[in-house]
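A.B. asks: I would like the atomic coordinates for the input below:
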Amino acid sequence: MSRLVRWAEISLGAALIALAAGCSSGARPFVYKANPPAPGAERFPLKAAVLAFKDGTEDFTRRGSLLNPDGLTHNAARSGWLPAELWAKTLADDLSASGGFRSVRFLYDASELRDEDFHIEGTLEKAYVPGVPYEKPTEYAFALRAFRKADKAPFWEKAVARSFLVPKNRYDGCGMKVRCMVDRSEEDLNRVMREMFAEAREDLEKTLAAHSAGGAAEGAAPKGAGQPSGESVDRTIDKILKGK
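C.D. replies: Numbers count the residues shown, from 1 in each chain. Modelled structure (predicted):
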């Protein structure tokens, strides 16, 4: 009986992940809820773009069998639950919502770049969900690099990773209500993604600030004020991205 119970738990867990990502027929798609702007955060007069990430995860969709839940692992990226492209789109949403940049766009290819001052490329390295998520960790990881428009040279790179266990009581009170479980799964995924993007964004902003005089962008707008215009913006962009 315990094996049947375990099999049911794993089947339900896999269904929840798929539902949360919007891959099941009729299910609402996963919606990322970006970090809100941090009070007093630095603002940079820069336009940015995030290109679709490369999928660097291992080449499998599911490893193991539902009949052997202890050895079961789902690749959420290659299964289409959380593809590399989605991670790039949500990072762009997060950077835009932060209010730290003039604009942020998601692009499928570098050929779509226009007047962005820099762009970010990334590789999704891990997106692994175990069959028993409260016994084995769920793992997400990506690596990022930012490139200047002027000479296409990289000026920033960052690797971010998370590994965590789902608490055994996470779905207490849901009974067999799948919508309740999906909602909690979406809450967990949003929390983890927000933490990862916040870590990447804070490191990027530190690099940009360090490249400007005195750790602040010369000519940049005061906190809470409008963006500078004209020549001061051009000088600021040159100083920040070239480290002059």
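A.B. asks: regarding the chain, what is its longest strand?
C.D. replies: For the chain, the strand that runs over the most residues, judged by DSSP state E, is strand 118-130.
A.B. asks: return the set of buried residues in the following helix or strand past that one.
C.D. replies: Once the chain leaves strand 118-130, the next helix or strand it forms, by DSSP states H and E, is strand 138-148. Within strand 138-148, the residues that qualify as buried are 138-144, 146-148, counting by 16 or more other Cβ atoms under 10 Å. Glycine gets a C-beta too; all of them are placed from N, C-alpha and C.
A.B. asks: now E157. Nearest residue, chain neighbours left out?
C.D. replies: The shortest distance from E157 to any residue other than its chain neighbours is 4.6 Å, reached at R145 (Cβ to Cβ, 6 or more residues apart in numbering).
A.B. asks: ugh, typo on my part, it should be R102
C.D. replies: Nearest one to R102, counting by Cβ to Cβ, 6+ apart, is K47 at 5.1 Å.
A.B. asks: give the contact list for that neighbour.
C.D. replies: Shown in contact with K47 (Cβ atoms under 8 Å, 6 or more residues apart in numbering): 101-104, 115-117.
A.B. asks: beta partners for it?
C.D. replies: On the basis of DSSP bridges, K47 is bridged to S103.
A.B. asks: A143 too?
C.D. replies: T123, A159.
A.B. asks: does it really touch K126, like I thought?
C.D. replies: No - contact criterion Cβ atoms under 8 Å: A143 and K126 do not qualify, at 10.3 Å.
A.B. asks: and for stretch 53-63, what's in contact with it?
C.D. replies: 71-75, 77-79, 83-85, 87-88, 121-128, 142-143.
A.B. asks: what residues sit buried inside it?
C.D. replies: Within stretch 53-63, the residues that count as buried by 16+ other Cβ under 10 Å are 53-57.
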